[in-house]
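Student: Sharing a model that was predicted from the sequence below.
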Amino acid sequence: MNETKLWTKDFISISLSNFFLFLTFYILLVTLPIYSIQEFNSSASTAGLMTTVFVLSAIISRPLAGQWLERAGGKKVLLTSLIIFSATSLLYFFPTSITGFLVIRLLHGIGFGMATTAVGAIVADLLPSKRRGEGMGYFVMSTNLAMVLGPFIGLTTIQQWGANTMFVLSVLVAIGSLLTGLSVKLTKHVQQPEPLAVQSSFSFRSFFEASAVPIALVGSFLAIVYSALLSFVSVYAAEIHVEEVSSLFFVVYAVVLLISRPFTGKWFDQFGPNVIVFPSIILFSIGMFILSISNGAGSFLLSAALIGLGWGTLFPTFQTIAIQHALPRKRGMATATFLSIYDIGIALGSFLLGLMVTKMDYSSLYFFSAFYVLIGAVLYYVLYVRRTASDELKKQENVA
């Protein structure tokens, strides 16, 4: 019975740690650009560097964290990264220039990149193999909940009580991530590094898990569109005169995701990823199309529901695929590989689509994005479905 139990103390603790980790991230994500403009009179592009520097340092640190996971084990990497993340949160009170803030964002991104890699690897080991799709879906809900609550809490705090109160809050939330992470008790299999994981020779490939790259590329390809939602959906809401419900977009997204999660995760475990991925891509595309033609609150929030059901299901599905195809001792590296490539898509999307909106309106951007998403189905088939079928055929031929 214990082999298939999902809601263990350790699973709940690591999910809470992940929730507080991302809650800190989202609180600062939406408030630091505002703070830099108001406090240092920086330009919008300079304020945007607050996010860019953070994301880039996280991307760079993840492969290093993945390799360290193989050598040192999950608990050591988790606690070290959460200590770095929490300690760096304390530094936001002190900078007197935008340069100082960017240095702190660099350090904070390193802690964040390491922590997300460790958390993802640990939860993959904690989940029973027969319920991994279901469990990963519930785990990712902690990130989605933080995505909904973080911006609301951050903006409310800085507007009502000022930046110092917001920084105090971010420190307390980061410490919450550390404390819940401390309560995770890993088994010997999860906690102890395996001798086979240590490689004496340096190579570029040692920082990536090859089995996770194909599905990570699919995720990164679709993440470019998701970045257009993160960056511009609130601006688009004002453009189509539904700003009074713009804050509800990701609330609806998360509610639909929460309702669907018990079904989609179980279907993944029972029928495999293809039953989930192709319909989810279609729903994502339909949601983007409805968003592009929205002219009122009803269609705007309907698009949020469909996008939540589509993209919100795809992300945990892709992450589950990434770790399922890796050896147990390589799950940390597989997590690092997936998240790093995914974040490259987010970063590229924010930059490239930012350039595109100077040439077209947001409605057109979302309209073309709907068709772009459908190309993701072809990419998924080529990089994953066909490749997996070919690998299975080779295995059968070798056995024969």
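Tutor: Yep, it's here.

Student: Check the gap between Ala238 and Val245 for me.
Tutor: 11 Å (CB to CB, to the nearest Å). Placement of C-beta: from N, CA and C, glycine included.

Student: of those two, who's got more company?
Tutor: Taking other CB atoms under 10 Å, Ala238 and Val245 do not tie; Val245 has more neighbours (16 against 12).

Student: Confirm for me that Leu79 is in contact with Leu182.
Tutor: Yes: assessed by CB atoms under 8 Å, Leu79 is found in contact with Leu182 at 6.8 Å.

Student: Not counting sequence-adjacent ones, nearest residue to Leu332?
Tutor: One thing to correct before we go on: residue 332 is Gly, not Leu. Distances taken as CB to CB, 6 or more residues apart in numbering place Leu69 nearest to Gly332, at 3.1 Å, with adjacent residues excluded.

Student: Could you list which residues are in contact with that neighbour?
Tutor: 77, 117-118, 121, 193, 332-333, 336 (CB atoms under 8 Å, 6 or more residues apart in numbering).

Student: residues in contact with Ser17?
Tutor: Listed by CB under 8 Å, 6+ apart, the contact set of Ser17 reads 78, 82, 119, 177-178, 180-181, 184.

Student: Just these: which are in helices?
Tutor: 78, 82, 119, 177-178, 180-181 (DSSP state H).

Student: Would you mind measuring from the nearest residue to Ile83 once chain neighbours are set aside to Leu126?
Tutor: Setting aside the residues directly before and after it, Ile83 is nearest to Leu178 in space (CB to CB, 6+ apart), at 6.6 Å. From Leu178 across to Leu126, the span is 18 Å (CB to CB).

Student: Of the ones in helices among the contacts of Ser17, which pair is most distant in space?
Tutor: Using CB to CB, those span at most 12.0 Å, a distance reached by Val119 and Leu178.

Student: what about these two, which has more around it?
Tutor: Val119 (28 against 21).

Student: My guess is the more buried one contacts Ile14. True?
Tutor: Yes: here Val119 reaches Ile14: they are 6.1 Å apart, a contact under CB under 8 Å.

Student: And the residue nearest to Ile83, how far from Ser364?
Tutor: Distance from Leu178 to Ser364, counting by CB to CB: 45 Å.

Student: Ser350 too?
Tutor: Per CB to CB, Ser350 is found 18 Å from Ser364.

Student: ok, now Ile281?
Tutor: 21 Å.

Student: ok, those two, which is more surrounded?
Tutor: Using other CB under 10 Å, the more surrounded residue of Ile281 and Ser364 is Ile281, with 24 against 13.

Student: show me the contacts for that one.
Tutor: Residues near Ile281 by CB under 8 Å, 6+ apart: 222, 310, 314, 373-374, 376-377, 380.

Student: For Gly296, state which of the residues you listed is nearest.
Tutor: For these, the closest approach to Gly296 (CB to CB) belongs to Gly310, at 21.2 Å.

Student: in which helix or strand would I find the closest one?
Tutor: In the assignment (DSSP states H and E), Gly310 maps to helix 297-324.

Student: Show me which residues of the helix or strand hosting Phe54 are buried.
Tutor: The secondary structure element spanning Phe54 is helix 44-72 (assigned by DSSP H and E). Neighbour-count burial for helix 44-72, counted by 16 or more other CB atoms under 10 Å, picks out 47-59, 61-63, 65-70, 72.

Student: One more: stretch 29-38?
Tutor: By neighbour count with 16+ other CB under 10 Å, stretch 29-38 contains the buried residues 29-36.

Student: Just the residues contacting that stretch, thanks.
Tutor: So stretch 29-38 is in contact with 42-44, 46-48, 50-51, 98, 101, 105, 150-151, 154-155, 157-158, 163, 166, going by CB under 8 Å, 6+ apart.

Student: rerun that using 7 Å as the cut-off
Tutor: For stretch 29-38, the external contacting residues (CB atoms under 7 Å, 6 or more residues apart in numbering) are 42, 46-48, 50-51, 98, 101, 151, 154-155, 158, 163, 166.

Student: what's the model's confidence in it, averaged?
Tutor: Stretch 29-38 carries an average pLDDT of 80.

Student: and that stretch, how far out from the chain's middle?
Tutor: Its chain's average C-alpha position is 21 Å from that of stretch 29-38, according to CA atoms, centre = their mean, to the nearest Å.

Student: same thing with stretch 95-110?
Tutor: Relative to the mean C-alpha coordinate of its chain, stretch 95-110 is positioned 22 Å out (CA atoms, centre = their mean).

Student: So what touches stretch 363-383?
Tutor: 214, 217-218, 221-222, 225, 228, 277-278, 281, 284-285, 288-289, 291-292, 353, 356-357.

Student: Show me how to select, in ChimeraX, the buried members of these.
Tutor: In ChimeraX, a selection of the buried entries from the contacts of stretch 363-383 looks like this (16+ other CB under 10 Å):
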select :214,217,218,221,222,225,228,277,281,284,285,288,289,291,292,353,356,357
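
Student: show me where the chain has strands.
Tutor: For the chain, strands defined by DSSP state E do not occur.

Student: Where do the helices of it begin and end?
Tutor: Listed in chain order, the helices of the chain (DSSP H) span 9-40, 44-72, 74-89, 98-126, 132-161, 163-182, 188-191, 213-239, 249-271, 274-292, 297-324, 331-356, 362-380, 386-399.

Student: Just want the angle from the fourth one to helix 163-182.
Tutor: It refers to helix 98-126. Angle of helix 98-126 versus helix 163-182, following axes from the mean of the first three to the mean of the last three CA atoms, to 10 degrees, is 30 degrees.
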